[in-house]
Each structure stands twice: as structure tokens, then as C-alpha cells.
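S.K.: Sequence and predicted structure below; questions after.
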Amino acid sequence: MANHDIRVAPSTVERASEVLTPAALDFVADLHRRFGPVRDDLLRRRHERRGEIARTGRLDLLAETREVRADPSWRVAAAPADLVDRRVEMTGPTERKMAINALNSGARVWLADLEDANTPHWENVVAGQVNLADATRRTLAHSSPEGKEYRLRDDAPLAVVVVRPRGWHLDERHVVVDGTPAVGALVDFGLYLFHNAAELLARGTGPYFYLPKTESHREARLWNDVFTYAQERLGLPYGTVRATVLIETITAAFEMEEILHELRDHASGLNAGRWDYLFSVIKNFRDAGPSFVLPDRNSVTMTAPFMRAYTELLVATCHRRGAFAIGGMAAFIPNRRDPEVNARALAKVREDKEREARDGFDGSWVAHPDLVPVCREVFDAALGERPNQLDRLRPEVAVGPDDLLAVAKTGGEVTEAGLRSNVNVALRYLAAWLGGNGAVAIDNLMEDAATAEIARSQLWQWIHNGVRLPDGRPVTPELVRTVLDEEVAAIGAGTGHLDRARDLFERVALADDFAEFLTLPAYDLVAPAMP
């Protein structure tokens, strides 16, 4: 398909032509031409900041934005009616059956994930937009190969849709504008807004978004400029778009107020994206010495001092500015076939959500419909008749840079079991991702790209910091390759894409050069450049 200077790969998705229309592609191309160069400059700034962290082993609050933080007067815009109560948010990919289950789950919000829970195969990207269009119009339905019918419920409210586009670092090679792959975030955002904004407004809701992987207030400013221009171009009232920003990078944690300030006319809140946050801490301070080396992933809980500091600061910052604070994902998922595993998962999730509710969060995420009642019950008890906890300002919270960087206070150690788990989880996840499935249940935990990033970055950090196991053995590439051989054999050679997953894993975990995101070399394997 060609449209002026736009080239678009063909799609086998049924009804692809309904979303890949000439007018919609013109809109996406316009966004790319206007904002792609700014995106490119911001990615360069990321590298510069990472270089500064490598030199200093330090982050601090920005001197140039001190006035924003010190000004007590500004607030974000008041929330639209259907985003005032966000006590339970269900996350998941835009696959048709999962979308129906999420909308029907009883959650207040469905995070429709075009990012970490979605392999960006072109068919997934296009099918996701078709499914979102049907979800907007309440026509979403699915018939399974076994003959089971899935329909949207009409006996209770459906979840409000909040779409998560891809992060700024990812391109979409199947849409080429003026010879350059389009910015993936602008493809996801542009197609959804173009096709659904007017319909959403007519139905009393609106185009709402989660913004991932943000690293600075300048990146938030770019999103705000995109929103402002897109609304004007489509004839939408200013402030129609609403965005919740995931604070899932260590650099963004130092700019929470500035991020809200940049987006204040379009902001709904901040989310504690805990797994990507851990990855970001490891990535940015990977060569800052032993004080930044984390123990086994399972030892790093939300009660670790640096994680407590991050979430306490997020709640206090949000409520001071009239924005919602949304809790993160508990990794445990239920197992209907194993009552013991199920009970343990429910107890772990309840404990996690009770801590968040006590801390003042206005709602939280779950990854499975069976967890919606648990999360709802906890927040119902905390909220009473209130729709949220914006009135809890948390003036007692006093978190500074040293608290956010207190990684060395984390308890636990690096063990062979932890190393082996990282290898196993990363292999199994990458094999699934290459096969098109970006959200995978592994050992009763929900894994997505963020948790795979933790697994491979920990191994890189342990190797390059000379970490030793309790028995004295150093973590070396040779040891990891030995474990890799054993885990590949245990998983089974017949597992689809396992060989490619192994090769990819070795590149992102064992190479001297640290890959910024594993999804970048992974994307090379599923989306070669258009000829």
C-alpha cells in the first residue's frame, strides 16, 4: 500500500483496510514528520545523560526546574467523570479474547497494552487497532476454535479503555514515511486517536493513554505537544486527551513534578511501574560499583528502602498536584487447577494491594480477571464512599535523592537459584515473544518484557561487577553459558523459537556492550526492514 511518501506493508489481518486508511496514514505521517526529529534529539539526550551517570555514579534533582517544584499553586486538570475512580485496573494485550475478558472483568480500567505485553509483529499491531475500534463501538466479539463464544457483557459497566502505545525508542518498520521508519509510539497513538476519538466522546468517554518508558520532563513535553497538535488537527477540544505517565525509569523518578507540570492540561496521574523501574536502576547504574548491585530478583520486594522511597514520593507528588497515583503490578497470578498455588497467589496480591492502599494509592493494577475482586475489596475497604484518595496529601513524606539511590540497603544475595531463574525465565519469555506472545505466565508469575529485561540486565551486572555466589564461584560468562545449556535442555529443544531465543539472550546478557533495550535486537528478528 502506498500513499504519497508513505509506504505500508501489506497485512493479512481481516479488516486491516478499515484502520490502514489513506486519511489515517496521512495523519500518522504528519505526526511523524513534525515530531520524529524531536524524538530523535531526545533519544540522543538519553545517551548523554547515561554517560553522565556513568561518570558520576549519581543523579540529582534538576536545578533549572526548581521553580516548578517550589510553586505550590499549580494543579493538573480535573479528571473526566469516568477516570475519577480507578481503584482496579486490568492490564493486558489487545488480543481479541483477552480484550473481551478485560473489559468484562469488573475492573474500572483496562490498560490496552500495545507495548510490553505485545510482540510488535505487524499482524499484532494492525489487529490491535481493529480490536480497539470494535471495543470503542462495543461490537467486540470472538469465537474460539473450540466453538466458545465471547461477547461484551451488558449487565454491568465495562472497563474504561486506556491505551498504552510503544515507548519513544521503538520504530515501526512496516510504516515508512519519506524513507524513514515511523515512530512506533506515533503509529499506535495516531491510528487509535484518528479512528476512535470522536466516537469515544459521543459515548461520554474519551481518548485516554498510558505513557511508557518516559525518562524526562522533556519527553513528557513532547507528548504534550503531540496531544495539542493532534487535537487541533482533528477538531477535538483542547484537553480531550488524558494521559497517565508510568514512572518506570530512575531518571523520571527525579522529575515527577516536572513531568506532571509539562502535561498538566492533559495529565491524569502517575503509575508506579515497578518492574521497568528495577530494570532502569540496574541499566543506568550497571557500572557504578558494588553499592548498586542488586541481589536475586525475588529478593527485591516493594519494601526495599529504595523502592519504598520511590512509591512514597510518587503518592505525595501526585496528590499535591491533584493527580491520581496508581499502584503497580503484583507478578503473582492465580492457577485455577492448583488450589494451593491459587491461595498463595491471592494472599500475595492482597498483601501487595493492602500496602498500596495504606500508602495512599488511588488504585492499582492486576494482570488476571480472577485478581480483580481481591484488588477491589482492598480498595473498597480503604476508600469507603470516596472514589479516590486525592485528599491524602502525605505531608510527612520526605524523600531525597539519597533515598531514591539507596540500592545498597536492599537485603538478599546473589544465588545460583537466582541466576538459574533469570536464565530460565528470559529464555522462555523470549521464545514466546518471538512467537508473537508478549505476556506469558511462567511458574505462576506474569512475565512481560520488563521482567525479562531485569533477568538479562542482572546477569550482565553480576558478571561485570565480579559478583560471587555463596560458595565462592564468580558469576562469569562461562558459568552462565553452562547454566544456559542446562536450562535449554530442561525446557526442551522442541520448544518453538528456543534456538533464536538463546542466541538473542546471549547477545543481550553476555556481550560486553550493553543493549539499551532487548526489544531492539529482538525486533530485528521479527520485523526486518522493508525492501
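M.R.: Looks like it arrived, so ask away. Numbers count the residues shown, from 1 in each chain.

S.K.: buried sites along the longest helix seen in the chain?
M.R.: What stands out as the longest helix in the chain, according to DSSP state H, is helix 22-56. Buried positions in helix 22-56, judged by neighbour count with 16 or more other Cβ atoms under 10 Å: 24-25, 27-32, 35-36, 38-39, 42, 46, 50, 53. (Each C-beta comes from the backbone N, C-alpha and C, glycine too.)

S.K.: and if you look at stretch 469-489?
M.R.: By 16+ other Cβ under 10 Å, the buried positions in stretch 469-489 come out as 469, 475, 477, 479-480, 483-484, 487-488.

S.K.: What separation do you get for H261 and F209?
M.R.: 18 Å (Cβ to Cβ, to the nearest Å).

S.K.: So if I had to pick from the two, which one is more boxed in?
M.R.: F209 (26 against 22; other Cβ atoms under 10 Å).

S.K.: For the more buried one, grab phi and psi.
M.R.: phi -140, psi 150 (degrees, to the nearest 10).

S.K.: For it, give me the pLDDT.
M.R.: You'll see F209 listed with a pLDDT of 98.

S.K.: what's the answer for G494, then?
M.R.: 65.

S.K.: dump the residue contacts of R218.
M.R.: 42, 45, 262 (Cβ atoms under 8 Å, 6 or more residues apart in numbering).

S.K.: In CSV: those residues, plus pLDDT and distance to L313.
M.R.: Converted to CSV, these look like this (pLDDT from 0 to 100; distance: Cβ to Cβ, whole Å):
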residue, pLDDT, distance to L313
L42, 98, 24
R45, 98, 23
E262, 98, 18
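
S.K.: Could I get those in a markdown table, plus columns for distance to P72?
M.R.: Converted to a markdown table, the contacts of R218 look like this (distance: Cβ to Cβ, whole Å):
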| residue | distance to P72 |
| --- | --- |
| L42 | 29 |
| R45 | 29 |
| E262 | 18 |
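
S.K.: ok, so of those, who is nearest S143?
M.R.: Taking Cβ to Cβ as the measure, S143 lies nearest L42 of the contacts of R218, at 43.7 Å.

S.K.: Make sure that closest one is actually in contact with H217.
M.R.: No - using Cβ atoms under 8 Å as the test, L42 is too far from H217 to be in contact (10.8 Å).

S.K.: And the residue nearest to M329 when sequence neighbours are not counted, how close does it get to Q231?
M.R.: In this structure, M329 finds its nearest non-sequential neighbour in W365, 4.7 Å apart by Cβ to Cβ, 6 or more residues apart in numbering. Noted for W365: a distance of 28 Å to Q231, by Cβ to Cβ.

S.K.: what about the two, which has more around it?
M.R.: W365 (24 against 19).

S.K.: How far off centre is the helix or strand containing the more buried one?
M.R.: Here W365, judged by DSSP states H and E, is contained in strand 363-366. Taking Cα atoms, centre = their mean, to the nearest Å, the mean C-alpha location of strand 363-366 is offset from the chain mean by 13 Å.

S.K.: which parts of the next helix or strand after it are buried?
M.R.: Once the chain leaves strand 363-366, the next helix or strand it forms, by DSSP H and E, is helix 372-383. Going by neighbour count (16+ other Cβ under 10 Å), the buried part of helix 372-383 is 372, 374-376, 378-379, 382-383.

S.K.: Using CSV, write down the CA coordinates of helix 372-383.
M.R.: Output in CSV follows, covering the C-alpha atoms of helix 372-383 (Å, rounded to 0.1, in the frame of the first residue of the first chain):
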residue,chain,number,x,y,z
VAL,A,372,-10.0,-8.1,40.2
PRO,A,373,-12.2,-9.0,43.2
VAL,A,374,-9.2,-9.0,45.5
CYS,A,375,-7.9,-5.6,44.5
ARG,A,376,-11.4,-4.2,44.5
GLU,A,377,-12.1,-5.5,48.0
VAL,A,378,-8.9,-4.0,49.4
PHE,A,379,-9.5,-0.5,47.9
ASP,A,380,-13.2,-0.6,48.7
ALA,A,381,-12.2,-1.0,52.4
ALA,A,382,-9.7,1.8,52.1
LEU,A,383,-11.8,4.3,50.2
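
S.K.: which residues in the stretch 201-350 of the chain form helices?
M.R.: Assigned by DSSP state H, counting those that start in this stretch, the helices in the stretch 201-350 of the chain fall at 217-234, 250-253, 256-262, 274-284, 305-320, 339-359.

S.K.: With distance to P145 as extra columns, can I get those helices in TSV?
M.R.: Shown next, in TSV, are those (distance: least, Cβ to Cβ, whole Å):
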stretch	distance to P145
helix 217-234	39
helix 250-253	42
helix 256-262	44
helix 274-284	32
helix 305-320	42
helix 339-359	27
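
S.K.: Please save the CA atoms from the helix or strand hosting A432 in CSV.
M.R.: For A432, the element it lies in under DSSP H and E is helix 416-434. In CSV, the C-alpha atoms belonging to helix 416-434 read as follows (Å, rounded to 0.1, in the frame of the first residue of the first chain):
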residue,chain,number,x,y,z
GLU,A,416,22.8,-20.0,41.8
ALA,A,417,19.0,-20.4,42.1
GLY,A,418,18.5,-16.7,41.3
LEU,A,419,20.9,-16.9,38.4
ARG,A,420,19.3,-20.1,37.0
SER,A,421,15.8,-18.5,37.4
ASN,A,422,16.9,-15.4,35.4
VAL,A,423,18.2,-17.7,32.6
ASN,A,424,15.2,-19.9,32.5
VAL,A,425,12.6,-17.0,32.6
ALA,A,426,14.4,-15.0,30.0
LEU,A,427,14.7,-17.9,27.6
ARG,A,428,11.1,-19.0,28.0
TYR,A,429,9.8,-15.4,27.7
LEU,A,430,11.9,-14.6,24.6
ALA,A,431,10.8,-17.8,22.9
ALA,A,432,7.2,-16.8,23.5
TRP,A,433,7.9,-13.1,22.4
LEU,A,434,9.5,-14.2,19.2
